[in-house]
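A.B. asks: from the sequence below, what's the structure:
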Amino acid sequence: MADGTPLLQVEEIETCYGLSQVLFGLSLSIGTGEMVSLMGRNGMGKTTTIRSIMGLTPARAGVIRFAGEEVRSLPSYRIAQLGIGLVPEGRQIFPNLTVRENLIAAAADRFGRPSPWTLERIHALFPRLNERGTNMGDQLSGGEQQMLAIGRALMTNPKLLILDEATEGLAPLIRQEIWECLSMLKGQGQSILVIDKNVDHLTRICDRHFIIERGRTVWSGTSEQLMAEPDLQHRYLGI
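C.D. replies: Down below sits the predicted model:
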């Protein structure tokens, strides 16, 4: 947010599933080149926040502005085309496509990047995907599926990469590989919004954090500020 204008600005959004309201005036922001986390216990509205940003569960009130454009009323595909790449909870890769087909199905470089993400760059990032290129999506391990989901999102050459439960259910070695990948992406200037439960890793590589409780933003600040307030972690994160 060097120029003071966030890449993503979410202001006072309210989102419901039928008659059940989940988000109550939630706000957050991400600057260009920033890595920001969204934290909170299970069931507090983290995934609903992501679904609202992406237009999958549209917010009924508030403002969602991305890259200078109001997107709250846009369909999901248009929001994605504006430059948001989503790594959803559960990965949701295409089981009946090969690894290579999963990657090229989403490929796009709408913004004419000087060094866009290509199959070769994804293979360099995750060599396992090159080895498994002809395997079907449902023949991969959980860790390989998460690598594929990240690679698929990067192949859209997004301005903002969103990861919902980045390392949930993965083996420790795979988790470490994912964190190293995210750290490298941040070092390249990729804007990232990440949901995860690993506070140690999040505070090590994220610039800022938003904690939500029952659909509201209850705290925001830097890694240094979060580490200086262990009572916050106990109160809102169950640590």
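A.B. asks: which stretches of this structure have low pLDDT?
C.D. replies: Applying pLDDT under 70 to the chain flags residues 1-3, 239.
A.B. asks: show me the biggest helix of it in terms of residues.
C.D. replies: Longest helix in the chain, counting residues (DSSP state H): helix 172-187.
A.B. asks: in that helix, what's buried?
C.D. replies: Within helix 172-187, the residues scored as buried using 16 or more other CB atoms under 10 Å are 174, 175, 177, 178, 179, 181, 182, 185, 186. All C-beta spots, glycine's among them, are computed from the backbone N, C-alpha and C.
A.B. asks: which strand or helix spans residue 25?
C.D. replies: strand 20-30 (DSSP states H and E).
A.B. asks: give me the three-state assignment for residue 78.
C.D. replies: What DSSP: H, G, I helix; E, B strand; the rest coil gives for residue 78 is helix.
A.B. asks: dump the residue contacts of residue 54.
C.D. replies: 76, 79, 80, 84, 86, 162 (CB atoms under 8 Å, 6 or more residues apart in numbering).
A.B. asks: closest one of those residues to residue 131?
C.D. replies: For those, the closest approach to residue 131 (CB to CB) belongs to residue 86, at 25.3 Å.
A.B. asks: so where does the closest residue to that closest one other than its chain neighbours fall, helix or strand?
C.D. replies: Spatially, and ignoring its direct neighbours in sequence, residue 86 is nearest to residue 162 (5.0 Å; CB to CB, 6 or more residues apart in numbering). For residue 162, the host element (DSSP H and E) is strand 160-164.
A.B. asks: next, the buried residues of stretch 17-36.
C.D. replies: Neighbour-count burial for stretch 17-36 [16+ other CB under 10 Å]: 22-24, 26-32, 34-36.
A.B. asks: and for stretch 200-214?
C.D. replies: 201, 202, 203, 205, 206, 207, 208, 209, 210, 211, 212, 213.
A.B. asks: from those, which two are the most distant?
C.D. replies: Greatest spatial distance in the buried residues of stretch 200-214: 205 and 213, 23.5 Å, computed using CB to CB.
A.B. asks: related to what we said a few turns ago, how near is the residue nearest to residue 86 to residue 28?
C.D. replies: Counting by CB to CB, to the nearest Å, the gap from residue 162 to residue 28 is 12 Å.
A.B. asks: sorry, back to before: just the C-alpha atoms of the next helix or strand after the longest helix of the chain, please, in CSV.
C.D. replies: Using DSSP H and E, the next helix or strand after helix 172-187 towards the C-terminus is strand 191-195. Taking Å, rounded to 0.1, in the frame of the first residue of the first chain, the C-alpha atoms of strand 191-195 are listed here in CSV:
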residue,chain,number,x,y,z
SER,A,191,0.1,-10.1,-3.2
ILE,A,192,-1.3,-12.9,-1.0
LEU,A,193,-4.3,-13.4,1.4
VAL,A,194,-3.9,-16.7,3.4
ILE,A,195,-6.0,-18.6,5.9
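A.B. asks: what sits against the residue nearest the centre of the chain?
C.D. replies: Central residue of the chain (CA atoms, centre = their mean): residue 162, 1.7 Å from the mean position. By CB under 8 Å, 6+ apart, residue 162 lies in contact with 50, 53, 54, 84, 85, 86, 87, 192, 193, 194.
A.B. asks: could you list which of these belong to helices?
C.D. replies: Counting by DSSP H, these place 50, 53, 54 in helices.
A.B. asks: looking at the residues you listed, spot the one nearest residue 120.
C.D. replies: For the ones in helices among the contacts of residue 162, the nearest to residue 120 is residue 54 (28.2 Å; CB to CB).
A.B. asks: who's the residue nearest to residue 86 bridged to?
C.D. replies: Counting by DSSP bridges, residue 162 is bridged to residue 86, residue 193.
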